[in-house]
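> below is the sequence, then the predicted model.
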Amino acid sequence: MPEKKLKVLVVTQYFWPENMRINDLVRDFCERGHSVTVLTGLPNYPEGKVFEQFQTAPECFNDYYDAKIVRVPMLPRGKRSIDLVLNYFSFFTSASFFGAYKLRGEQFDAVFVYAVSPIMAAIPALVIGRLKKAPVFVWVLDLWPETLRAVGVLKKPALLSMVGKMVSWIYNRADYLLMQSHGFFKDVQKYCTKDIASHRLVYFPSWAEDDFSTSATQGSNLLARDDTVFTVVFAGNLGEAQDLPAVLDAAEKLVGKVPVRWVIVGDGRMSDWLSQQVQSRGLSNVLLLGRHPLEEMPGLFALADALLVSLKTNDVFEKTIPGKVQAYLASGRPLLGMINGEAARVIGDSGAGFTCSSGDASGLANITLALAKMDASQLKAMGESGREYYLNNYSKSLLLARLEDLFRNATLRKANH
């Protein structure tokens, strides 16, 4: 007897046409025959203003691979800190009221929260989950309030304590907390009551957003192959946390020592600073390609000799595995990590590349130099080792099948109570 298809509500502040891993989950669940509804806001990440193509024709963004998209009004994130606070506040309040209204009469087997910052995106999910009597799954991809303290957004203990109380309120009302890293468990448990059942805390890592190719022959419209230089690619958000000043320092240290080009693709709050620094320092070996669709990344990664991940050092970031690590491993290219903690452990365990400490520009220059001096067969072996590690630990098909089982088991538990 075939298993019952699920009706799933996904609650996420960020969704297509924004480049997010949740897009992948929604598409794959639809392709597996499940009915998926997405409650989200207006696409404005990371630029801070609503996408022009959405403003021009919003009706073109109502469906995604047969998933129904329900959008609620919200303020864009802008460029100032106050804009970001208002953006966070406007989404969870709007989704809690307008979202619940727009979804009246609908029933769901599970409510799934894509809980990157801000954690308040879980609040409308809890409201709707209670109304629909559906289990709520919160995929914890960012630690609050620890991350706010780590990046300096909140420094006053009283404010951090207030956020901590809100996080505790959310965690204790969610049916399941899914953690992207083993390093998250202790921090999450701090905000949970002692009687929270162990089966409600689940390790659930990220996967690569797309079928990243291991083929070196795949072409790219963004970059031409150049075998005379060693190509390092950094892709993703360009923010404070990525420690781009140290990346530029490393690039500067290698000028004249070895032919390396540093290709940075992405956008974010540090974009303008990065452009100014590259120009003022005369770093002709650093190429800034801007933001491009996710579909362009496999071809670009295939042209790379190494893929770079960097993150500032602190106790929170050390417990986090940036999502790009899985995409890098899946691509079958060697990795360079200027990073500490869980992500450094994964790169080391996979045999896919070299790491140095967070913020260590000299260390990054040294490991880049070491990789650049390796022959093609050694680099290929590293990439293949990373790809194998990815398939064994982060295979999307295995993870999504596991999520289906979690949803079904939760539905049964709910029905039996």
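All right, it came through fine.

> quick test: name the residue nearest the centre of the protein.
residue 323 (4.4 Å; Cα atoms, centre = their mean).

> surely residue 335 and residue 307 touch.
Yes. Applying Cβ atoms under 8 Å, one finds residue 335 in contact with residue 307, separated by 5.5 Å. Yep, even glycine has a C-beta here, placed from its N, CA and C like the rest.

> any residues in contact with both of the two?
residue 328 (Cβ atoms under 8 Å, 6 or more residues apart in numbering).

> low pLDDT regions in the stretch 1-150 of the chain?
Residue ranges of the stretch 1-150 of the chain with pLDDT under 70: 1-2.

> the helices in it, which residues?
21-31, 52-56, 81-94, 100-102, 122-132, 146-150 (DSSP state H, counting those that start in this stretch).

> assumed residue 308 was part of a strand.
Yes. Under DSSP: H, G, I helix; E, B strand; the rest coil, residue 308 sits within a strand.

> returning to what we had before: now the residue nearest to the centre of the chain: closest residue in space, sequence neighbours ignored.
residue 206 (4.8 Å; Cβ to Cβ, 6 or more residues apart in numbering).

> now that neighbour, what's its secondary structure?
coil.

> in space, what's closest to residue 270 - neighbours in sequence excluded?
According to Cβ to Cβ, 6+ apart, the nearest residue to residue 270 is residue 238 (4.6 Å).

> confidence score at that neighbour?
If you check residue 238, the pLDDT there is 92.

> with residue 225 instead?
87.

> kindly report the same for residue 316.
Reported pLDDT for residue 316: 81.

> cool, and residue 211?
pLDDT, residue 211: 61.

> before we move on, the earlier item: how much space between the residue nearest to residue 323 and residue 66?
As judged by Cβ to Cβ, to the nearest Å, residue 206 and residue 66 stand 23 Å apart.

> among the two, which residue is more densely surrounded?
residue 206 (22 against 14; other Cβ atoms under 10 Å).

> and the chain, what are its domains?
With domains defined by automatic domain parsing, the chain comprises 7-207+395-416, 230-393.

> from residue 8, how far off is residue 168?
Taking Cβ to Cβ, one finds residue 168 at 26 Å from residue 8.

> the more surrounded of these two?
A side-by-side neighbour count of residue 168 and residue 8, using other Cβ under 10 Å, places residue 8 first with 25 against 14.

> the more buried one pairs with what?
residue 36, residue 110 (DSSP bridges).

> strands of this structure, start to end?
7-11, 35-40, 63-64, 67-71, 110-115, 136-140, 176-179, 201-203, 230-235, 260-265, 286-290, 306-310, 335-338, 353-356 (DSSP state E).

> in JSON lines: those strands, plus distance to residue 26.
As requested, those are exported to JSON lines (distance: least, Cβ to Cβ, whole Å):
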{"stretch": "strand 7-11", "distance to residue 26": "6"}
{"stretch": "strand 35-40", "distance to residue 26": "5"}
{"stretch": "strand 63-64", "distance to residue 26": "6"}
{"stretch": "strand 67-71", "distance to residue 26": "5"}
{"stretch": "strand 110-115", "distance to residue 26": "9"}
{"stretch": "strand 136-140", "distance to residue 26": "13"}
{"stretch": "strand 176-179", "distance to residue 26": "16"}
{"stretch": "strand 201-203", "distance to residue 26": "20"}
{"stretch": "strand 230-235", "distance to residue 26": "22"}
{"stretch": "strand 260-265", "distance to residue 26": "24"}
{"stretch": "strand 286-290", "distance to residue 26": "26"}
{"stretch": "strand 306-310", "distance to residue 26": "25"}
{"stretch": "strand 335-338", "distance to residue 26": "28"}
{"stretch": "strand 353-356", "distance to residue 26": "31"}
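
> out of those strands, nearest to residue 316?
Nearest to residue 316, of all these, is strand 136-140, at 12.4 Å by Cβ to Cβ.

> that closest one to strand 7-11, inter-axis angle?
40 degrees (axes from the mean of the first three to the mean of the last three Cα atoms, to 10 degrees).

> just how off-centre is strand 136-140 within its chain?
In terms of Cα atoms, centre = their mean, to the nearest Å, the centre of strand 136-140 is found 15 Å from the chain centre.

> one more: stretch 19-28?
Using Cα atoms, centre = their mean, the offset of stretch 19-28 from its chain centre is 11 Å.

> same thing with stretch 263-277?
Taking Cα atoms, centre = their mean, one finds stretch 263-277 lying 18 Å from the centre of the chain it belongs to.

> show residues contacting that stretch.
46-47, 79, 222-223, 231-240, 242, 244-245, 247-248, 283, 286-292, 297, 300, 304.

> and that stretch, how far apart are its ends?
By Cα to Cα, to the nearest Å, the extent of stretch 263-277 from end to end equals 15 Å.

> measure residue 412 to residue 109 for me?
10 Å.

> between these two, who's got more neighbours?
When residue 412 and residue 109 are compared for neighbours, residue 109 comes out ahead with 20 against 10, by other Cβ under 10 Å.

> can you give me phi and psi for that one?
Here is the backbone geometry of residue 109 (degrees, to the nearest 10): phi -80, psi -30.

> buried deepest among the domains of the chain, which one?
Of all these, domain 230-393 has the most neighbours on average by mean count of other Cβ atoms under 10 Å, namely a mean of 20.

> give me the distance between the two termini of that one.
End-to-end for domain 230-393, by Cα to Cα: 29 Å.

> any idea of the mean pLDDT in the top helix by length along the chain?
Taking DSSP state H as the criterion, the chain has its longest helix at helix 396-416. Averaging pLDDT along helix 396-416 gives 85.

> tell me what that helix is packed against?
helix 21-31, strand 110-115, strand 136-140, strand 176-179 (3 or more Cβ pairs under 8 Å, 6 or more residues apart in numbering; DSSP states H and E).

> which residues touch the closest residue to residue 327 other than its chain neighbours?
Leaving aside its chain neighbours, residue 327 sits nearest to residue 208 (4.3 Å; criterion: Cβ to Cβ, 6+ apart). Contacts for residue 208 (Cβ under 8 Å, 6+ apart) come out as 326, 327, 329, 330, 331, 390, 394, 396.
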